[in-house]
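Asks: Predicted model and sequence follow; I will ask about them next.
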Amino acid sequence: MKNYNFKKYNKKIYNKWIYYKYFNSNYNKDKKSYSLLLPPPNITGDLHIGHILNFTILDIYARIKRMKGYNVCWIPGTDHASIATVIKVLKELRKNGINVNNISKKQLKTFLFNWSIKYNKIIIDQLKSIGCSCDWDKFQFTLDKKNYNSVIKVFIYLYKKGLIYKKDRIINWDIVAKTTISDEEVIYKKQINYLYYIKYFTEDKKNFLVIATTRPETIFGDTAICINPKDKRYINFINKKVLVPIVNRLIPIITDKSVNINIGTGCLKITPAHSKKDFKIYKKNKKKIKIINIFNDDGTLNVNYKHYKGEDRFIVRKKIYKKLKKLGYLIKKEKIINKIGYSERSNTIIENKLSLQWYLKMKRFIKPTLKIIKRIKIFPKKKYINLFYKWIKNLKDWNISRQLIWGHKIPIYYYKKNVIIATSYKNAIKEIKKKYKKKIKKYDLKRDNNVLDTWFSSWILPIAVLNGINKKNNLFFNYYYPINLLVTGYDILFFWVLRMIMFSSFYIKKEPFKNIYFTGIARDNNKKKLSKSLGNYKNLYYLLNKYGADGVRIGILNNNYENDFIFNENLCLKGRNFINKIWNSFKVINKIKNLKTKYNKIKIEYRLIIKWFENLLNYNLYKLNFLLKNYKIYKSLIFIQKFFKNKFCSIYLEVIKHNKNYINNIIKKKTLDFYYILLKILHPYIPFITEYIWNIFKTKNNNNITISSLPKIKFFNKKIIKKFNYTFTFIKKLKKINLLKKNKKIFIYIKKNNFYKFRKDIYIPLLYKLSYIKEIRIKKKIINKSKYLFFCYKQHKFFLLKKYILLNKKIDNPKYIYKKINFYKNYLLNINNKLKNKKFILLAPKDVIMLEKKKKKDIEMKIFNLKKSLLN
RNA sequence: GGGUGGUUAGCUCAGUAGGUUUAGAGCGUUUGCCUUACAAGCAAAAGGUCACUAGUUCGAAUCUAGUACCACCCA
């Protein structure tokens, strides 16, 4: 087989893991638990790159901990994503030519339900195909029965604590989804807009004020004009009345300090039902002014005035503009750039609207949160902690009600003027019986028709998934809580992560997570967010089919995702190439494994290379462990890749693979051992191919790499590694000097007294093996120097016969050499200045001074060398 | 308007509790090579006054301040 056939094997491998229940986890008092939470993806569509990144990181830790002997429990799930899903479903229906306005609530609910089933399936399949090692028996959907009950229970708990209230406020209204949305879901976009200057005449029509507004269509809702009390221009107007153009309604002129004299004309028209600022002013002047709501829920006007009723707000704007112009009310129209709020979900302009909504008081959450948050380890450290504190300080009450049918219904019932809170109709009836001693029937009751914000079910998740709300302090819960690791994008830091911490701190006074790792956001080559609407988004199945799950995993992980990172398909190609490298190394190892070997003598270079690799392997295991402990995942992968490619393949295998006759039992065993260890440390990153290879090697024992144990770090000697490195860099430098003529091995010459020292520093058998040097010849004196190329590395000097060497044109170009000489001369100057500085000699540590002196020597040697090559 | 992060090779980024780095990696570019694991490969080369200015220091890509530009978040 030329390449690893992921299409053929990946599914089989995953099913095998599931069949043996490797990922299932249950309470076991003898084993340490390690729990992870899958940030539940919305059921609005496929998984995207950000998801895959987060889930792959979670999978790496799940697998590592499992291989370290922990009882790993990774709970998967999906989110019903109330408003986002509704919008998706409505879009789909319209696409299929269905008139959305004719659909009953019941029908829509069926559509939503079917959608949720479809996408739950897709998401689960995608999670499985990228290899996530979740415990599927514990799968949860935020709208399933258990979660529903938890949410209702929490609502009632908070309500009884007096933290939930209903109030009229100006809210953000999404005219497509026909619901409120939170401030966080409003996105402000810069836009070209017009400022209309309109005359408002006084009662006697002798005088007028000019009002500048971007929204002339709202004049129907005007109930006052407001000016700054310090504004001298309008002193005479205070407490008088003006007429609203077109509708001719008399409204008062009031004053308020918050009006900015310098914006527009300094006169503000007050439309309290459709502006936050106006509503604030209204509240101060309740006796003087009224509220008029002029919009329907879909953004059309409800005004009973001729042609405007039922027309869209922006069409009315144009009509009003024409009318004002015609009637002489309009002074001018001015181009401006301002920012306008859009709904993140439906991408339509938000309408501010006065509405009765449910709110959650947040103040009481602050203190416990500040206490608990310190216990959570957050990675990367610096960046996000300050953000947390900033958010907490600016907390506002949370609007938790949404006017949708897809979500957790608010458990409030109304009986005449009485409000009853209960988990069901039945219980509500019982409650009334108890309280008011009245027997009533279901239709006497009216249920609150709001559902809860989708984040209201998300913020209780760490406790709810472990069933800690329905059954407080159950065994299962106590075993796994707090959850050990959460990995998520920083963009939902406030929406979700902080709220989870707040809830857990308040509800059970414990942190929800021990560790949180934040990733950046995937962007394309132009630094734009990846999204379907921009078309810079690749479907997951497309990537998986082309590069395989392992390749995609490596591709996505090969970014520095501590910040926002750039993702393109090319990275997956690189990932697949690495997988291919592993596959090819497997072919070599497999051949070695099948060799019939004996216990004969080992050649020295083999003994050396084994000694080197054994030490390096253990040293690198130690380093890897350190990286993973500190959640340097990106670096850990780069590190392993380099180690595998540059050290194991390029050096170790290159030495071992030739001359099969020399491979004996010891070499064979060592090589296989090394390879097994490499497979094990690679497994968490690329689970499929490693499992496949492992199974071929270990057919007799039925165990799989997934449940094998990670190698323990054994003793290593750094000095030995250093000496080998010296040899390898020497070989590299030697190769750098010049290109060798094809397939020829050459001699190098060295002076006798230098040779003994050289032998101490360098492993000469390896030098022969890995370079084009056939032999080192010792000479007492070099005669006829012009025939040789002089070469110097550290203190060792060599001569190479020129006739065997292809000269590198660039390097031997005098211009290039002069440039280099100049560079080093400048460098030397800096060092000399340092060394001449008396204070430096006095104050700097001795080893630093030694180093500088050594640098000086080396560079002098380099310059000398370069000059010599010029002479040649 | 307020806040946060950033500026190192053509591109994407590493970089140390200030001196073991004579500034690194990957990609891209150039050169050589179908060598019995791998051309989806191997071997090598070119490419940088570490944004700018000042300060602290024996010593600054690294610390401090300011400037310029970029990105994101919030109002």
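Replies: In hand now; what should we look at?
Asks: what number of residues lie near the residue in the stretch 201-350 of chain A positioned nearest to RNA strand B?
Replies: Going by Cβ to the nearest atom of the strand, RNA strand B is nearest to residue A:339 of the stretch 201-350 of chain A, at 5.3 Å. Any C-beta I mention is one placed from the backbone N, CA and C, and that applies to glycine too. Look at residue A:339: counted by other Cβ atoms under 10 Å, it has 11 neighbours.
Asks: mind checking how far it is from residue A:666?
Replies: 73 Å (Cβ to Cβ, to the nearest Å).
Asks: again with residue A:573
Replies: Using Cβ to Cβ, one gets 39 Å for the distance from residue A:573 to residue A:666.
Asks: swap in residue A:859?
Replies: Computed with Cβ to Cβ, the distance linking residue A:859 and residue A:666 is 45 Å.
Asks: now residue A:37
Replies: For residue A:37, the distance to residue A:666 under the criterion Cβ to Cβ works out to 47 Å.
Asks: More neighbours: the two, which one.
Replies: residue A:37 (25 against 16).
Asks: Make sure the more buried one is actually in contact with residue A:463.
Replies: No. When contacts are counted by Cβ atoms under 8 Å, residue A:37 is not listed as touching residue A:463 (10.8 Å).
Asks: the longest strand in chain A is where?
Replies: Among the segments of chain A that qualify as a strand by DSSP state E, the longest is strand A:186-201.
Asks: Just want the angle from the following helix or strand past it to strand A:186-201.
Replies: Remark: after strand A:186-201, the chain's next helix or strand is strand A:208-213, criterion DSSP states H and E. Angle between the axes of strand A:208-213 and strand A:186-201 is 170 degrees (criterion: axes from the mean of the first three to the mean of the last three Cα atoms, to 10 degrees).
Asks: Give me the sheet partners of strand A:208-213 and which way each runs.
Replies: Strand A:208-213 has the following sheet partners, assigned by DSSP bridges: strand A:186-201 (antiparallel).
Asks: Near residue A:585, how many other residues are there?
Replies: Based on other Cβ under 10 Å, the number of other residues close to residue A:585 is 20.
Asks: Find the residue closest to it in space, skipping its chain neighbours.
Replies: In space, residue A:585 comes closest to residue A:649 once its chain neighbours are excluded; the distance is 5.7 Å by Cβ to Cβ, 6 or more residues apart in numbering.
Asks: these two touch, right, that neighbour and residue A:582?
Replies: No. In terms of Cβ under 8 Å, residue A:649 does not count as a neighbour of residue A:582; the distance is 9.1 Å.
Asks: who has more neighbours, these two?
Replies: More crowded of residue A:649 and residue A:582, by other Cβ under 10 Å: residue A:582, with 21 against 17.
Asks: ok, is the strand or helix carrying the more buried one in contact with RNA strand B or not?
Replies: Using DSSP H and E, residue A:582 sits within helix A:569-594. Yes. Contact of helix A:569-594 with RNA strand B is found when judged by Cβ under 7 Å from any atom of the strand, involving A:570, A:574, A:576-577, A:580-581, A:584-585, A:587-588, A:591.
Asks: From these, list just the buried residues.
Replies: For the residues of helix A:569-594 next to RNA strand B, burial is judged from neighbour counts taken by 16 or more other Cβ atoms under 10 Å, and it is met by A:576, A:585.
Asks: Could you dump the residues of helix A:569-594 next to RNA strand B into a markdown table with pLDDT and distance to residue A:322 added?
Replies: As requested, the residues of helix A:569-594 next to RNA strand B are arranged in a markdown table below (pLDDT from 0 to 100; distance: Cβ to Cβ, whole Å):
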| residue | pLDDT | distance to residue A:322 |
| --- | --- | --- |
| A:570 | 85 | 54 |
| A:574 | 89 | 60 |
| A:576 | 91 | 62 |
| A:577 | 91 | 64 |
| A:580 | 92 | 68 |
| A:581 | 93 | 70 |
| A:584 | 93 | 74 |
| A:585 | 94 | 76 |
| A:587 | 93 | 78 |
| A:588 | 92 | 81 |
| A:591 | 90 | 85 |
